[in-house]
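Engineer: Next come a sequence and a model predicted from it.
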Amino acid sequence: MTSPRFGRAWLALALALGLHVLDEALTGFLSVYNPAVESIRARAPWIPLPTFTFPVWLGGLIAAVVLLLLLSRFAFRGARWMIPVALVLGVLMTFNGLLHFAGSFYFGRPMPGVYSSPVLLAASWWLIASARRQRRS
């Protein structure tokens, strides 16, 4: 059974995440993230938060986006195992987008990644809705 709606929603999220990674890379995400992690580690050393170099961080995110793009063929085919994956991914990316807005509000300036967050949120909510619809069918 093919599922073009679910496939398009999955593909949209993969592309939105790619845009979001580009936004973060161009606006200096690691210059905010790494110092924040160091500050958290100083107060709570038991929390296992990693710091990243730019090549490792960008390479990992590019690999994740490529993997999501490759998995889109299963979403277009309506693979049932993709539904929980899509729901988890949609929720995680919703929190990702919302954290960029919260950080911008808290610090009183646009945080890296905030410009693409509305696209990421819209794609996340579309994927969640599509996965729920797919689960019912």
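Structural biologist: The structure has been received and is ready for your questions. Numbers count the residues shown, from 1 in each chain.
Engineer: now the longest helix along the chain: mean pLDDT?
Structural biologist: In the chain, taking DSSP state H as the definition, the longest helix is helix 82-107. Here helix 82-107 scores 97 as its mean pLDDT.
Engineer: again, but for stretch 60-79
Structural biologist: Rounded mean pLDDT across stretch 60-79 is 97.
Engineer: List the contacts of residue 74.
Structural biologist: Residue 74 makes contact with 81-82, according to C-beta atoms under 8 Å, 6 or more residues apart in numbering. Placement of C-beta: from N, CA and C, glycine included.
Engineer: swap the cut-off to 6 Å and go again
Structural biologist: Listed by C-beta atoms under 6 Å, 6 or more residues apart in numbering, the contact set of residue 74 reads residue 82.
Engineer: and the residue nearest to residue 75 when sequence neighbours are not counted, what element?
Structural biologist: Spatial nearest neighbour of residue 75, chain neighbours left out: residue 10 (3.6 Å); criterion: C-beta to C-beta, 6 or more residues apart in numbering. Here residue 10 sits within helix 4-26, counting by DSSP states H and E.
Engineer: Just give the number of residues close to the residue nearest to residue 75.
Structural biologist: The tally of other residues near residue 10 (other C-beta atoms under 10 Å) stands at 30.
Engineer: Also the one 3 residues further on?
Structural biologist: By the criterion of other C-beta under 10 Å, residue 13 has 28 neighbours.
Engineer: That one against residue 122, yeah?
Structural biologist: No - in this structure, residue 13 is not within contact of residue 122 by C-beta atoms under 6 Å, at 9.5 Å.
Engineer: got the contact list for residue 58?
Structural biologist: Contacts for residue 58 (C-beta under 6 Å, 6+ apart) come out as residue 25.
Engineer: quick one: it from residue 83, how far?
Structural biologist: With distances taken as C-beta to C-beta, to the nearest Å, residue 58 is found 30 Å from residue 83.
Engineer: try residue 136
Structural biologist: Distance, residue 136 to residue 83, by C-beta to C-beta: 10 Å.
Engineer: give me phi/psi at the nearest residue to residue 3 once chain neighbours are set aside?
Structural biologist: Among residues not flanking residue 3 along the chain, residue 78 sits closest, at 3.5 Å (C-beta to C-beta, 6+ apart). The phi/psi pair for residue 78 (degrees, to the nearest 10) reads phi 80, psi 30.
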